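K.L.:
no sequence on this one, just coordinates:
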Ligand SMILES: NC(=O)C1=CN([C@@H]2O[C@H](COP(=O)(O)OP(=O)(O)OC[C@H]3O[C@@H](n4cnc5c(N)ncnc54)[C@H](O)[C@@H]3O)[C@@H](O)[C@H]2O)C=CC1
Ligand SMILES: O=C(O)[C@@H]1CCC=N1
């Protein structure tokens with residue numbers, strides 16, 4: 001069934017009203033305000049998008065407005081589905097999602113994991129709701145911290161790369177705007193090529209690398225600076241941080257969900 005009504009809330013009611021005004025009438029009627037309980041009462045789906053540190057407060061505010069017929073979806077990093085299940089009435093289905101910001105232009109990646117009361121139909125409903133945001137994959141919940149480290153936080157690594165390449169181009173004498181355009185479009189085109197060609201990234205890299213040419217000269221510098229190892233370390237740090245967020249939000253919980261090495 002199509003979504004006909006969306007209620008957006010934020011403790012800063014003006015922020016929610018501004019978001020609602022921007023989207024009202026696009027595909028559904030959208031209202032904004034600060035009253036979480038009023039928005040959740042009677043809703044089929046409650047989507048939680050506050051930081052992990054504030055999730056216990058947000059759950060307390062909707063607890064009396066939801067029941068086993070309400071599907072609760074959260075995009076918070078780190079927090080296991082048991083965190084929600086223990087704070088909501090018995091039997092409330094919970095689905096975790098890790099999206100990323102290219103969803104804004106329909107090119108995101110979202111990974112979906114059901115909690116213990118969520119059925120395949122609940123997962124299918126979430127997949128339908130997310131379909132317009134890009135690729136949607138299903139993963140066991142234990143992989144969510146790893147997913148967060150790659151696709152959740154990943155856009156920031158890529159934006160940092162675009163920024164660095166644009167700065168390098170400017171240093172080499174390109175006009176700044178042209179350097180930014182070349183960097184962003186190179187990353188965008190290469191990303192789509194890697195995603196859609198069906199070829200391993202190592203093969204695509206090799207095809208750019210003429211023997212004795214410019215690319216191998218550049219890649220040797222990246223290897224010299226251990227850039228590949230730095231990406232591995234960065235992803236590990238993000239996954240560890242996701243697990244830490246869960247512990248910080250719930251010091252007594254010790255649910256044992258999430259990433260393991
Ligand atoms: N930013 C990103 O790329 C991604 C973020 N996430 C997750 O999304 C969540 C939000 O992240 P951001 O948008 O970066 O944070 P943010 O701080 O920009 O937005 C969170 C909003 O929640 C509001 N808020 C706080 N407590 C509230 C409450 N009790 N009731 C109603 N509203 C409340 C705040 O006023 C704020 O506007 C986090 O859990 C994060 O882990 C997940 C994937 C990607
Ligand atoms: O930085 C964060 O904690 C959130 C989760 C994934 C992307 N942003």
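P.N.:
Happy to help now that I have it. This structure is a prediction, so every number in the text was calculated from the model and none was measured. Ligands and ions are numbered 1, 2, ... in the order given.
K.L.:
got the contact list for the residue positioned nearest the centre of the chain?
P.N.:
Centroid-nearest residue in the chain: residue 99, 2.6 Å away (criterion: CA atoms, centre = their mean). By CB atoms under 8 Å, 6 or more residues apart in numbering, the residues touching residue 99 are 75, 108-110, 130, 133, 152. In this view, the C-beta of every residue, glycine as well, is placed from N, C-alpha and C.
K.L.:
ranges for the strands of the stretch 101-250 of the chain?
P.N.:
Listed in chain order, the strands of the stretch 101-250 of the chain (DSSP state E, counting those that start in this stretch) span 108-114, 134-138.
K.L.:
Identify the residue of the stretch 151-261 of the chain closest to ligand 2, quick one.
P.N.:
residue 152 (3.4 Å; CB to the nearest ligand atom).
K.L.:
Near ligand 1, which residues of the stretch 51-200 of the chain are found?
P.N.:
51-52, 54, 57-58, 61, 75-77, 98-101, 152 (CB under 6 Å from any ligand atom).
K.L.:
Could you identify which of those has the most neighbours?
P.N.:
residue 98 (28 neighbours; other CB atoms under 10 Å).
K.L.:
I'd say that residue and residue 76 touch.
P.N.:
No. Residue 98 is beyond contact range of residue 76, at 9.1 Å (criterion: CB atoms under 8 Å).
K.L.:
Show me what from the stretch 1-150 of the chain comes close to ligand 2.
P.N.:
Residues of the stretch 1-150 of the chain lying near ligand 2 (CB under 6 Å from any ligand atom): 77, 148.
K.L.:
Could you rerun that using 5 Å?
P.N.:
residue 77 (CB under 5 Å from any ligand atom).
K.L.:
all helices for the stretch 51-200 of the chain, in order.
P.N.:
For the stretch 51-200 of the chain, helices defined by DSSP state H, counting those that start in this stretch occupy the ranges 55-62, 81-85, 120-130, 144-147, 154-171, 176-196.
K.L.:
Deepest in the core, which of these is it.
P.N.:
Counting by mean count of other CB atoms under 10 Å, helix 144-147 has the highest mean neighbour count of the helices of the stretch 51-200 of the chain, with a mean of 26.
K.L.:
Could you list every helix and strand that that helix packs against?
P.N.:
strand 94-98, strand 108-114, helix 227-249 (3 or more CB pairs under 8 Å, 6 or more residues apart in numbering; DSSP states H and E).
K.L.:
tell me the most buried of those?
P.N.:
It is strand 94-98: most buried of these by mean count of other CB under 10 Å, with a mean of 26.
K.L.:
Neighbouring strands - and their directions - for that one?
P.N.:
strand 71-74 (parallel), strand 108-114 (antiparallel) (DSSP bridges).
K.L.:
That strand to helix 227-249, inter-axis angle?
P.N.:
If you take axes from the mean of the first three to the mean of the last three CA atoms, to 10 degrees, strand 94-98 sits at 150 degrees to helix 227-249.
K.L.:
List the contacts of strand 94-98.
P.N.:
71-75, 77, 79-81, 84-85, 88, 110-115, 117-118, 122-123, 126, 130, 141, 144, 147-148, 151-152.
K.L.:
Stretch 10-27 now?
P.N.:
2-3, 6, 8-9, 30-34.
K.L.:
Among those residues, find me the one that's closest to ligand 1.
P.N.:
Nearest member of the contacts of stretch 10-27 to ligand 1, counting by CB to the nearest ligand atom, is residue 9, at 5.5 Å.
K.L.:
what bits of this structure have low per-residue confidence?
P.N.:
254-261 (pLDDT under 70).
K.L.:
Mind doing that once more with 90?
P.N.:
1-2, 27, 250-261 (pLDDT under 90).
K.L.:
which one in it is furthest away from the centre?
P.N.:
residue 212 (40.0 Å).
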